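In: Sequence first, predicted coordinates after that:
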Amino acid sequence: MSDIDTNKLRRLDGGLLLVFRELLRTGRASRVAESLGLSQPAISHALARLRDLFADPLFVRRPHGFEPTLRALELGPQVDALIALAGQALTPAAKFDPAASRRLFRFAAPEFVTALIGASLINRLRVAAPNVAFAVSPATEDEAVRGLQRGEVDFALGRIGKARSGFDVEALYDDEYCVAARKDHPRLKGAIDEKAWRGIGHIWAWNPAETGQTASHEPDVRMTHFGAVPGWVTALLLVASTDGIATCPRRLAERHADRLGLQVLSMPFIPDRIIVSSMRRSGVVDAGVDWFLAQVKAAAYEA
């Protein structure tokens with residue numbers, strides 16, 4: 001190890017890491033001071049040491065609080081991993097007891113994933129962990145990454161487009177697009193051709209968290225449009241009571257077809273695939289998250 005590495009390690013302590021993590025999570029020095037039991041001057045001194053240590057501003061003061069730099073966002077998962085490893089070294093290995101736990105798990109997921117697996121997940125929890133609950137926040141892939149970096153969520157589900165340093169990604173399930181219409185649709189009886197697909201009014205889901213698109217797209221002028229709504233669940237509810245159609249994930253449509261009175265039709269051309277994955281921070285050991293993700297995978301298999 002070089003002298004400069006040794007010197008930097010000597011200047012880095014657990015208190016600085018905790019200040020960094022809390023400031024990344026909250027963006028406000030007053031909240032960091034309150035949560036860590038430190039004074040405002042102590043937080044300012046720690047931030048100055050962090051900036052000197054990492055040779056980066058790390059956090060820029062804005063009217064709404066401190067905004068992390070790109071370097072701070074990159075360091076987030078690594079700092080989390082260091083704190084987690086230190087915690088494991090200083091405390092006995094803890095096991096997760098689902099039957100006794102009262103933990104609230106937080107994760108990011110688009111609505112179409114929650115609507116597909118949510119009921120099965122709740123039913124599984126009621127049997128194995130009656131006091132465990134979860135809270136889901138809809139998020140795009142980039143929003144989910146920021147939530148993980150700030151410690152706001154335990155993991156994320158969705159269409160993960162690329163591998164990211166500092167995160168572990170695992171495929172959860174795959175799907176494909178289909179067409180959903182009400183069972184008594186006047187123009188559709190179990191099948192649809194491309195002319196009808198283009199001519200019958202569409203109800204689209206536009207939210208990037210649902211579609212995986214990172215930019216808005218102008219409607220195709222060659223197609224008939226009835227409207228655009230934030231998510232596919234809303235689109236299906238509207239389709240069930242109109243002559244519109246929705247192009248949406250097949251497993252979601254089949255899951256709710258009987259309840260909503262829908263027919264689920266194959267696309268008139270080869271449909272795009274939908275790969276839904278889980279994503280969590282690398283190097284963070286958490287038996288509770290391991291257990292909960294196993295329940296999510298089981299719920300996805302049952303759905």
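Out: Sure thing, it's come through. Numbering: from 1, shown residues only.
In: Now do the SS call for E176.
Out: strand (DSSP: H, G, I helix; E, B strand; the rest coil).
In: Does it touch I270 like I think?
Out: No: E176 is beyond contact range of I270, at 9.0 Å (criterion: C-beta atoms under 8 Å). Glycine gets a C-beta too; all of them are placed from N, C-alpha and C.
In: Between those two, which has more neighbouring residues?
Out: E176 (14 against 8; other C-beta atoms under 10 Å).
In: Contacts only, for the more buried one.
Out: Taking C-beta atoms under 8 Å, 6 or more residues apart in numbering, we find E176 in contact with P249, R250, M267, P271, D272, R273, I274.
In: Now R62: phi and psi?
Out: phi -130, psi 170 (degrees, to the nearest 10).
In: how much space between it and S30?
Out: The gap separating R62 from S30 is 14 Å, by C-beta to C-beta, to the nearest Å.
In: how far out from the middle of the chain is stretch 163-179?
Out: For stretch 163-179, the separation from the chain centroid amounts to 11 Å (computed by C-alpha atoms, centre = their mean, to the nearest Å).
In: what number of residues lie near W232?
Out: As a measure of burial, W232 has 28 neighbours, counting by other C-beta under 10 Å.
In: List the buried residues of stretch 158-174.
Out: Neighbour-count burial for stretch 158-174 flags G158, R159, I160, G166, F167, V169, L172, Y173 (criterion: 16 or more other C-beta atoms under 10 Å).
In: What's the end-to-end length of it?
Out: 11 Å (C-alpha to C-alpha, to the nearest Å).
In: Next one, pLDDT for the closest residue to Q263 other than its chain neighbours please.
Out: Closest residue to Q263 apart from its sequence neighbours, by C-beta to C-beta, 6 or more residues apart in numbering: K183 at 5.0 Å. At K183, the model reports a pLDDT of 96.
In: how many neighbours does K183 have?
Out: 15.
In: quick one: it and V264 touch, right?
Out: No: in this structure K183 lies outside contact range of V264 using C-beta under 8 Å: 10.0 Å.
In: Just the mean pLDDT for stretch 75-86, thanks.
Out: Stretch 75-86 comes out at a mean pLDDT of 80.
In: Going by neighbour count, which residues in that stretch are buried?
Out: The neighbour-count check on stretch 75-86 (16+ other C-beta under 10 Å) flags L75, G76, P77, V79, D80, A81, L82, I83 as buried.
In: ok, residues contacting that stretch?
Out: Contacts of stretch 75-86 (C-beta under 8 Å, 6+ apart): 14, 17-18, 20-21, 24, 54, 58, 68, 148-151, 166-167, 281-286.
In: Check stretch 205-213 too.
Out: Against stretch 205-213 from outside (C-beta under 8 Å, 6+ apart): 110-112, 138-141, 143, 158-159, 161, 214, 216, 228-232, 234-235, 246, 248, 274.
In: what do you get for stretch 37-52?
Out: Taking C-beta under 8 Å, 6+ apart as the rule, stretch 37-52 contacts 11, 15-16, 19-20, 23, 29-30, 32-33, 36, 57-59.
In: try stretch 244-254
Out: In contact with stretch 244-254 (C-beta under 8 Å, 6+ apart) are residues 112, 115-116, 173, 175-181, 185, 188, 192, 197, 200-205, 226-227, 232-233, 235-236, 238-239, 262, 264, 267, 274, 303.
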